[in-house]
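Undergrad: what's the 3D shape of this:
(chains A, B, C and D, ligands or ions: 4)
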Amino acid sequence: MLLVPCPNCGPRNASDFAYGGESHVRPNPNQATPEEWRSYLYMEDNPAGWLKETWYCRSGCRRFFTVERNTATNEFREHPIPGTKLGGKA
Amino acid sequence: MANALEFESPITKRYPSGGSRDLALSDESSQTKTLVRAADDSAAASQLGVAFGGSRHQAGVHIIGQRPTEWLLVGDESAAAAMVVGLDRTGHVSVIDHTHARALLRLTGERSADVLSKICNVDFGDHMTPDGSALSASVAKVGCDITRDDASGIRSYRIACDRSFAQYLFDAILDAGREFSLTAVGA
Amino acid sequence: MSNSMRLPAQPGEVIDRSRRIDIKWNGKKLSGFDGDTIASALVANEVRVVSRSMKYHRPRGYLTADFWDPNGFVQVGDDPNVRSGHRLIEKGMTVDPQNVWPSLDYDVKAANGLVGRFLTAGFYYKTFIKPQRLWPVYEKVLARFAPGGVVDLDTPHGLYDKRYAHPDVVVAGGGPAGMAAAIAAAEAGSKVMLVEHEHHLGGHLLWGSAEDRALAAELTAAVETAGVEVLLNSTVTGRYEDNWVAIAQRSHPQAIERLVKARAKMLVVAPGLIERPYVFAGNDKPGVMLSGAVRRMVNMYAAKPGSRAVVFTGNGDGDAAASDLERAGIEVARIVDARNGENILAAHGPAKSMDSVELADGTKVEADLLVTAVGWTAPTSLLNMAGDRPSYDANAARFFPNSPIDHVLSTGGIAGDGSHEELIEHAVATGRLAAARAAAIGHRLQAATRRAASVDGEAPAFAADDRPILPRDPHPELFRSTTHGIVDYSEDVGSKDLMAAAAEGYDSVELLKRFTTATMGPSQGKLETVNTVAVLGEARGETIEEVGTTVWRPPYAPITLGALGGRIHEPARVSSIQPWHEANGVTPILAGAWIRPEHYGNPESEVRNTRANVGITDVTPLGKLDLQGPDVPKLLSQLYTNKWMQLPVGSVRYGIMCAEDGVVLDDGVTGRLGDEHYLMTTTSSGAASIWEWAENWLQTEHPDWKVHVTPVTTGLTSINVAGPKSRELVSRLVAHAGDGAIDLDGEAFKYMQVRQGTIAGVPNCIMWRIGFTGELSFELHVPSGHGLHVWEALLEAGKDLGVRAFGLEAQRIMRLEKGHFIVGQDTDGLTKAPSTGMTSLIKLDKEDFAGKAELAWAMDTPLPVVVGIQTVDPLIVPAEASQIVREGTNEILGRITSSRMSPTLRRSVCLGQVAPESAAAGTELTVVLTTGERIKARVMEHHAHFDPEGARLRG
Amino acid sequence: MSLLPGKKSSKPPRYSAAGLIVKGARKQNWPRVWRDVPLKKSYDVVIIGGGVHGLATAYYLAANHGITNVAVLDKAYLGSGGSGRNTAIVRSNYLTPEGVAFYDRSLSLYNTMAADLNLNVMFSERGHMTLAHTDSALRTMNWRAEVNKLQDIDSSVIDPSEVKKLAPSLDTSSNARYPILGALYHPPGGTIRHDAVVWGYARGADHLGVEMHQKTEVLDILVEGGEGSATDAHDGKGAGGKVTGVRTNKGDISAPIVVNCTAGWATLISDMAGVKLPISTRPLQAAVTEPVKVFLPTVVVSGSLHVYVSQTDRGELVFGASVDPFNTYSVRGSLEFTEELAGHVLELMPGISKMRLLRQWAGLCDMTPDYSPVMGFTPVDGFLCDVGWGTYGFKAGPVSGEQMAECVATQMTPKLIEPFRLSRFSTGALVGEKGAAAVGH
Ligand SMILES: Cc1cc2nc3c(=O)[nH]c(=O)nc-3n(C[C@H](O)[C@H](O)[C@H](O)COP(=O)(O)OP(=O)(O)OC[C@H]3O[C@@H](n4cnc5c(N)ncnc54)[C@H](O)[C@@H]3O)c2cc1C
Ligand SMILES: NC(=O)c1ccc[n+]([C@@H]2O[C@H](COP(=O)([O-])OP(=O)(O)OC[C@H]3O[C@@H](n4cnc5c(N)ncnc54)[C@H](O)[C@@H]3O)[C@@H](O)[C@H]2O)c1
Ligand SMILES: Cc1cc2nc3c(=O)[nH]c(=O)nc-3n(C[C@H](O)[C@H](O)[C@H](O)COP(=O)(O)O)c2cc1C
Ligand SMILES: [Zn+2]
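TA: Numbering: from 1, shown residues only, chains lettered A, B, ... in the order given. Ligands and ions are numbered 1, 2, ... in the order given. This next block holds a predicted model:
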C-alpha cells in the first residue's frame, strides 16, 4: 500500500487518507460562465505523470494538504503544502 | 433509575473478573476530558506545553497534543477544571467538554503493542512511538486517538474513540489480545 | 502396503520414526511418520497415482513432490486443493483424490484422453456454436469437468487472523542465502523477519550432502542467536508499493492461517530456484520426477520413489540425484547426460505406470523411474512486483534480476551461482547493505514523524551497492526434446497445442497464454513459464529474450480467503440508551454503522400514541457539530443555501446544503447557543461527510476564518419528545428556577428556538423546539454519560401521560404524514435544491455559497419536483419506487419516493418526484404498482398530508 | 476517401466440431485469426484501441456499412486493456430508460454473437443478482426493477428465501452483520468469455478487410486548423480544427477519421487532439481463486459490500470490487483490495474461507462523473470518442461498436447514444445513472 506523506503525521498508509482529487482553482461563482464552472466541476487533466492533488488525513491529523504525485509511478514529490483549493465534489 | 449524576460507562457488557493482569484492558471513560482548540503559536499552546504528537502530565492532568491545534486534557474533574480556568484565552480559543463524546480505554502490559499491532497499522516500536507520544489512527476500523502513557515502566496506551463505538472497540481489542491472554479489568 | 517403500534410516531424514501417524487415503488406512508430508507418506506406501489430469484425466504421480507439484492436489476433509507435497500429515487426517469420477483407479472421463487430439487448446471456442440454444446444456456438462476439490458450504469460518509488522528487513526465503543475509542484517542492528515457505530452514541444503546439512544446521543456530524473528511454513506472497509486504503464515499456533502485513524498510529476496520439468513424450507419466523431488523423497523422507531409474541430467543436481539413489540402494539403470549431447525421447508404459525410457540413440531402457534435471526457473515474481524486469541469460539458461531496485535486494540462487563460500559472502554483504539502507530509511521516517523519538543530524546516505557479483554457471538450454509433451501439467496443455495456437495467430506470449490457458493454473507459471516461452520461441523462430514472459502477479503462493479476510471488523455504534432498547423488545435496524431502534413491536400504535399523548425517540445518530468562533455565520452562509448572518442567540434555523453542482447534500437545523457558539445538526448519514465538507471549506478556501468545528454527535444523546403532552412531560423534568432553569412556556420558548439548562438533574443539556413528526416537540441533547438516565426519567415521569418510546419507523410515518422529505430518499444524486420545493431557502443574493452558480442557473430550468401525492383509492399504498407514467404509455414521468398507510389519516400518503409539467396541485397521475396494475393518484397542494398549517407544531 | 456503403460481407469462416476432428486427424493448423500485414500510410478510419469497443466499431463499420479500409491500432496486444481483464458480467437492468435501452441492445447482440461471428463466446445467461442489505438499497433495487419492467426487461426484486434458492452458498440468515433483505434478480444477465469476444470481433473484422495492428502506439493526433498546438492541450488550446491522421511508433498515418477507444488512456489520446474530457483514470482490481467444483450458479453483486462474484465453468471464483480510491495509471495489484474483498465475500458466503486466492490483477477504468460514457463527436472535426466506460463497459461493447460505426458512417449521432454526448458536461444535463450510484456490473 502506498505511503502518503502527511506534512503532520509523516508518511502513512493511503488507507488513512481520503483522496480529494485534482487540485483546481475554484472560479468565482458570480462571474463564471456555465462552461467555466462545469469545466471546474467535471473536467480532469488526468495526466500520466505529475499531478497536483489534494489529500485529507482522515485517520490522522485531519488536515487537507496538496502534494504532487506521479500517476504513472505513484511516487510523491517532497514537501506537501497544507491546505489547497477545493476539489469541488462532495 | 440510575443515580442522577453517576456517569454511565459506554462499556455496558460484563466480563469475567480474575485472570492475569499482566495484560489488561480497562475503561477510563469517566475521566473528565476537555478539548482545547487554539493556534499552535497561541499563548494557550505554550501554557499547555506540548506540541502535536506529544503529551505530558501536569497537576493531575494528562495533556495530550492530539492533533495540530488540538489538545485533550484528561484528569479528574477538579484538576481538569482548574487547568481550564487558568487557560489563557487570547486569540481564538475554544474549550469543549469531551467527557461524554469520547470513551477512554487503557491497555497495559508488556505485550500491549503486539495486541494493537493486530488491529492498527501504526509502528508502535520505541523509535516511532516512544513513551509520551500521541497519534491518531484507525483501530479495528474505528478512528482513535492513542497516547502512549507507560505506567511505572510498563508499556501502556490510552485509547480514545467516539463513545458510541466504545463497546465494539473494547471487544475488538479483547479479541485481538486473546492469543496473549488479555483480560478486561474493572469493566 | 504399510510403508513398503520406506527406506532404512537416511542421514538427513526429517521424519520421526518413533511417532507413527495413521491417515486415511482414498478410503483406506495407511500410516506414516511425524514429519512426513502427505506425498512422502503416500510414496512410502507405494501409492503411485495421486490424481487425474484436468482435461484428459490422465493418471498422474508426483513430479516435484513439493508445494508446486501440479499433480499433488488432494482434498483433506473440507479443505480442497491441498498441496500434498507440502502439507504434513496429522493424526486422523482424511485425504482424498480430487477431480476423479467415479474413482481414482477407474476414471470415466479418461475417455477424453482418447479424443485428446481433437480437444486442442481453445477447442471450445470452435465448438458448441450451433445450435446456439444448446450451449447452456453443453455449458452444464463442461462445468462438471471443472477441476479442483469440493467446497463444503458448511465449513465454519474458523480463526483466521492478521497482524501488522514494521521490521527493518524482511527476508523472503530461508535457504543458506536468506539465512546468511538475515543473520548479517540482524548483527548490523536491524530488526529482521525471516520468512520460509517450507517447514524447516535450510532450503536446498536439507536434501543435500552431509556438508550441506551441517551448514544448514550451523546457519539455523546462528539465526536463532542473532534474534531474528523466523516465520516457518509461511510465504511472502506479495510485494506492494513502498515495500508493503504480505506474508501468509500457516504456522500460527492458534490461527488457521494468518496474514502478516509488513511495512519493510528493506526486502531481501532469496527464494532460490525452482526446478523445471522437461518437455518430451510421456513426461506426465507416473514415475517421471524431477531431481529435487527424488532427492527430497529419498534424503528427507526415506521414501522410495521407484526401483529402477534412468537419470537425465544437465547439471550437478541430476548427478547428485543419481548418487543419492545409488546410495539408497535404488538401481540407476542409465545416466543420460545432456552435457554430452545425450537426450531422452519418451517415457513408455501402461496407463498408470512407466516401464521404459526411450533415448535419443534409439535404445529403450527398462525403468519405473525417470529423473530429470534440466535446469531452473528463477522465481522472480517478488522482484517483478517491485518493478524489476528480469532478463534471460542463454549461457546459464535462466532468468536473472536485471534492474536494481533501491529497497529490494536479491541474493542466493536467484542472483547467481558459486560455491557455498561465495554464496554466503554475497548474502552477508546483502544483509549488511539491507541493514545500512534500513537504518537510513528509519532515520528519515523518524525525522518526518512528529511523535517519533528525535534523531540527530542528517539522515545517513543511502548506502551504495558494492556487493560482490556472483558467478553464473554455464548450463545447457534444455526445454523440449524432439518429441512433444506436456508443458502445463495443471492445464493439460502440451507443446503441440502451443505451436498450433501460435500458428493460428495467438503468437504473442500474452495471447498464447489466454488462448491455451498455459501458466494460468495453480502454480502460475513457476513450473511452466520458461518452457511455454521456449516453445513459442521455437514456433516463431525467436529467442526467449525476444518472446518475453507473461506478467507475474500476486500472490506468490495462493492464500486462503479466510486469512485475507481475517477477523472481520465491522464497527457498530450504539447510543447510550441501547441497553434500554435491548431490554424492551426493540427490533433493530442498521443505518450505516449505527444500530437503531426500528420499532418496539407496533409502529402504527407508536404513531397513534405520539399523536394522542406523547412519545419519545432516540435520535442520537443525528450528526452534531459544535461550532465556535467569530466567523461561524460566514461558514454557515457558505454551507447552507439560505442566510445566517442575523440568527439571534437562542434561535434555530433550518437549512439545505448543496454540493457545487447544486445537488442536495444534506439538511438540518443549526442553533445559536451563545455569541460565538453554535450547534449544527446534520442527517445521521451525513454526520461524517458534512464535518469533512465544513473542514474542507475552512482549510482550503477560507483558512482566515476563525471557526472551530468539533463533532459531538455521540457526546450528546438526543431524545425527541413529541406529542401534545410533550410540554407537560418535559416541564416535569426541567429546573424551573435557578441555574439551569428553562421556561417552557409557549411564549418564552417558541417554535424554532433553543435553550440550555438542567434536565432530570443533568446540567448542560440543550433543548430545541423543533420536530420532524409534526407534533409539538422538544429535542433534548443530553451529555451521553447521563443519556440513559434522562430517557428513563422521561418514561418514569410521564407514566400517567401515556408516554411511550417510538422507533425509526414511527418517526418515518409521522414525517411522511407531515410531508418532510428525506435527503437521499425523496431526493437522489441528481436532485438540485429547487426540486425540493424549498426555493425560498435559496438566496442567490448572497455573495457566495456552495452550489450557488449551478443553483442560479437551475432556478430558470424546468426540473423534477418533489410533491405530496395521494392515491385516489385511499387504501392502496403504492410501493416506494413505483413509477409514475404518462397515461396509456410507458413513458416515465416520475416515481413515488415515500409511501405509507397513515395511521393518523387512515389513508395512504406519499411523496414523489414528478416531471415539472405534472407538478401542479390537482394533477392526476398514473401510478404503476409493482404488480403492473395502474392506478390514479393526485398531486397535493402541500407536501404535508397532515396539519399543513403547522398548528400542532407551534402549539 | 470511400465512405460509401459497400456490399455487406459474409461471416468469418466457420468453426465446428467436425472441423476440429478433421484438422485434428490431418494434423492441420487453423488459418490465422487475423492477418499480420504491414501498416499502410493511410486509412479511411483509424481506430485507436484494440479492446472490445475499438474492435466492435471496426467490425460493424465493415459489416454494416461496408467501410473496410480501417486500421485498429493497439500499443500492446489485442485485449490488453480493460477488455482482457474484466469480470465479464453482462446485464441490462440499468436505472434509466436511456441506459436500459442501450444495454438491452448490447445484450441482444451478445445473444447472437456466437452465430454472427462463428465463434463460441460462451455467453452464459446464468442470471444476475444484486443484493440489498439496507432499506435504501432495497428501495433502489425496486426503482430499477420498476423502470426495467416498463421497458420489458426481465428484472424483479426477490426475497431472501428466493435468493437462497438461487445461490445456496449465500448467508441469508437475519443475524448476518449485513443481512440480505432482498435482491434485484435479472435472469438474462450473466457472464461471457471476454477474450473470445475480443478475438471474435478481430477475426470477423479481419475477414472483412479491416487490419489489426498490435504493438502500434499512437504518439500524437495530427490536427489541422484550430488554435494552438494540438499536443498542448492542458490549457485548453488546440480545440477545434480537423483531424488529418495519427503519429505512431511505426510512422505517421493519414486518416480523415480517428476514433478514440482507449478507455483508461482516453484522456491521454484526447489531449493529443486538444479535447478535454471529464474522465479520471482509476484502477479496478479483480482476482480469481483456484478452481473448485461448481457451486455458484449465478452472478452475485453486493453494492453495499462492494463485491461481485461469479464462478466460471472452470470452477474459479472471479471477483471484482469498486475502483481504487485515487487516480493512477499503475495496474499493480493492491493487497488492501483483496483483504476487503475477501472479508466481504466471507460475510456473504461464510463457507468458503478455505478457498485460496490464485491471482489478482487490475485494469484501468475511465471514470466519468455520471457513470455513463462519452460517445460521438468532439470539437475536433473527424475526432470521435467512445470512452468513459468506467467499470461497466464490457457489456456495452457490441452496441457501442454498432452505434459508433453508424455515427462514423452517417456523420450523425444515432438516437441511442444521444444521451452520452460530450456536450452534456457543459450543459449540466448529466445522465441519470448518477441518480442512485451503486456498483452494479
Ligand atoms: C477488473 C475489471 C472488471 C470489470 N468488470 C466489468 C464487468 O463485469 N462488466 C462490464 O461490462 N465491464 C467491466 N469492466 C469494464 C470493461 O472492462 C471496460 O469498460 C471495457 O473493457 C472497455 O473496453 P475498451 O475497448 O473501451 O477499452 P480497453 O479494452 O481498455 O482497450 C483500450 C486499448 O487501447 C489501447 N491503447 C491505449 N493507449 C494507446 C495508444 N496510445 N496507442 C494505441 N493503443 C492504445 C490499450 O492498449 C488497450 O488495449 C471491468 C473493468 C475492469 C478493469
Ligand atoms: N539444488 C540446488 O540448487 C542446490 C543444492 C544444494 C545447495 N545449493 C546452493 O544453494 C544455493 C541456493 O541457496 P538459496 O538460499 O538461494 O536457495 P534455497 O533454494 O536453498 O532456499 C530458498 C528458500 O526460499 C524459500 N522461498 C522461496 N520463495 C519464498 C517466498 N516467497 N516466501 C518464503 N519462502 C520462500 C524456499 O522454500 C527455499 O527454502 C544455490 O545457489 C547453491 O549454491 C543449491
Ligand atoms: C474472467 C477472468 C478469469 C481469469 N481466470 C484466470 C485463471 O484462472 N488463472 C489465471 O492465472 N489468471 C486468470 N485471469 C487473469 C489473467 O491471468 C490476467 O491476470 C489478466 O488478464 C490481467 O493481465 P495481466 O496480469 O497480464 O496484466 C482471469 C482473468 C479474467 C478476466
Ligand atoms: Zn496527518
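Undergrad: where along chain B do the strands fall?
TA: In chain B, the strands defined using DSSP state E lie at B:24-27, B:32-37, B:55-58, B:61-67, B:70-75, B:94-97, B:102-108, B:134-139, B:142-148, B:156-162, B:183-185.
Undergrad: in the fifth one, what's buried?
TA: Translated: strand B:70-75. B:70-75 (16 or more other C-beta atoms under 10 Å in any protein chain shown). From N, CA and C alone the C-beta is placed, and that goes for glycine too.
Undergrad: From those, pick the one nearest ligand 4.
TA: residue B:70 (12.1 Å; C-beta to the ion).
Undergrad: who's the closest residue to that closest one other than its chain neighbours bridged to?
TA: Nearest residue to residue B:70, sequence neighbours excluded (C-beta to C-beta, 6 or more residues apart in numbering or on different chains): residue B:37, at 5.5 Å. Per DSSP bridges, the residues bridged to residue B:37 are residue B:70, residue B:94.
Undergrad: so residue B:37 makes contact with residue B:94?
TA: Yes: contact criterion C-beta atoms under 8 Å: residue B:37 and residue B:94 qualify, at 4.4 Å.
Undergrad: circling back to that earlier point, for burial, what's the neighbour tally of the residue nearest to residue B:70?
TA: 21 (other C-beta atoms under 10 Å in any protein chain shown).
Undergrad: quick one, what contacts it?
TA: B:69-71, B:93-96, C:628, C:708, C:710 (C-beta atoms under 8 Å, 6 or more residues apart in numbering or on different chains).
Undergrad: Any stretches of chain B with poor pLDDT?
TA: Flagging of chain B using pLDDT under 70 yields the residue ranges B:1-4, B:187.
Undergrad: domain parsing for it?
TA: Chain B breaks down by automatic domain parsing into domains covering B:23-29+B:100-185, B:32-97.
Undergrad: looking at those domains, which is closest to ligand 2?
TA: The minimum distance between ligand 2 and the domains of chain B falls on domain B:23-29+B:100-185, with 20.9 Å, by C-beta to the nearest ligand atom.
Undergrad: That closest one near chain D anywhere?
TA: No: for domain B:23-29+B:100-185, no contact with chain D is found by C-beta under 8 Å from any C-beta of the partner chain; the gap never falls below 10.1 Å.
Undergrad: was I right about residue D:212 contacting residue D:78?
TA: Yes: using C-beta under 8 Å, residue D:212 is in contact with residue D:78, at 6.3 Å.
Undergrad: which helix is the longest one in chain C?
TA: Counting by DSSP state H, the longest helix found in chain C is helix C:420-448.
Undergrad: so does that one get close to ligand 4?
TA: No: judged by C-beta under 5 Å from the ion, helix C:420-448 stays clear of ligand 4, getting no closer than 11.1 Å.
Undergrad: average model confidence for whatever helix or strand comes next after that helix?
TA: Sequence-wise, the next helix or strand downstream of helix C:420-448 (DSSP states H and E) is strand C:486-488. Taken as a whole, strand C:486-488 carries a mean pLDDT of 97.
Undergrad: partners of strand C:486-488 in the sheet?
TA: By DSSP bridges, strand C:486-488 pairs with strand C:493-494 (antiparallel).
Undergrad: Beyond the strand it pairs with, next helix or strand please.
TA: The helix or strand immediately downstream of strand C:493-494 is helix C:495-503, counting by DSSP H and E.
Undergrad: So which elements touch that following helix?
TA: In terms of contacts (3 or more C-beta pairs under 8 Å, 6 or more residues apart in numbering or on different chains; DSSP states H and E), helix C:495-503 is packed against strand C:486-488, helix C:509-516, helix C:529-540.
Undergrad: Closest to residue D:271 out of the buried residues of strand B:70-75?
TA: For the buried residues of strand B:70-75, the closest approach to residue D:271 (C-beta to C-beta) belongs to residue B:70, at 42.7 Å.
Undergrad: could you list every residue that touches the closest one?
TA: Applying C-beta under 8 Å, 6+ apart, the residues near residue B:70 are B:35-37, B:52.
Undergrad: With distance to ligand 1 as extra columns, can I get these in CSV?
TA: Shown next, in CSV, are the contacts of residue B:70 (distance: C-beta to the nearest ligand atom, whole Å):
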residue, distance to ligand 1
B:35, 44
B:36, 48
B:37, 44
B:52, 40
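Undergrad: Out of these, the closest to residue D:182 would be?
TA: Among the contacts of residue B:70, and counting by C-beta to C-beta, the member closest to residue D:182 is residue B:35, at 43.2 Å.
Undergrad: distance of that closest one from residue D:265?
TA: Separation of residue B:35 from residue D:265 (C-beta to C-beta, to the nearest Å): 48 Å.
Undergrad: burial of the closest residue to residue B:105 other than its chain neighbours, as a residue count?
TA: Once flanking residues are discounted, residue B:105 sits nearest to residue B:159: 4.6 Å by C-beta to C-beta, 6+ apart. When counting by other C-beta under 10 Å, one arrives at 25 neighbours for residue B:159.
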